[in-house]
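K.L.:
I would like to see how this sequence folds:
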Amino acid sequence: MDPYELIFENKQLTVQPLEDGMYSVYENDIKIADLYPEIYDCKITWYTADLITAEYAQGLGEAIYNHEL
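P.N.:
All right, here's what the predicted structure looks like:
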């Protein structure tokens, strides 16, 4: 899958979709997070093990989801 650019909170990010359903997110060629969605009770929650807040991960995940619609 091809990477794409995404503007989130006034920052230009590069999103690299991975074959396992995860997304690697970069800012200025520095990886800031690997995100993955989980669907439970018709709601998508985005998770990461990286050093970003859960709120930032959720917002970024929603931006990724909206971009891919």
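
K.L.:
Specify the local secondary structure of residue 57.
P.N.:
helix (DSSP: H, G, I helix; E, B strand; the rest coil).

K.L.:
Return the residues in contact with it.
P.N.:
The contact partners of residue 57, by Cβ atoms under 8 Å, 6 or more residues apart in numbering, come to 33, 35, 46-48. The way it works is simple: take the backbone N, C-alpha and C, and place the C-beta from them, glycine included.

K.L.:
how about 10 Å then?
P.N.:
25, 33-36, 45-50 (Cβ atoms under 10 Å, 6 or more residues apart in numbering).

K.L.:
so how far is residue 32 from the residue positioned nearest the centre of the chain?
P.N.:
With distances taken as Cα atoms, centre = their mean, the chain has residue 61 as the residue nearest its mean C-alpha position (4.2 Å). According to Cβ to Cβ, to the nearest Å, residue 61 stands 13 Å off from residue 32.

K.L.:
From the rest of the structure, what touches the longest strand seen in the chain?
P.N.:
Longest strand in the chain by number of residues (criterion: DSSP state E): strand 30-40. For strand 30-40, the surrounding residues in contact (Cβ under 10 Å, 6+ apart) are 11, 13-16, 18, 20-27, 44-52, 56-58, 60-62, 64-65.

K.L.:
swap the cut-off to 7 Å and go again
P.N.:
21-26, 44-48, 50, 52, 57, 60-61 (Cβ atoms under 7 Å, 6 or more residues apart in numbering).

K.L.:
Thanks a lot, catch you later.
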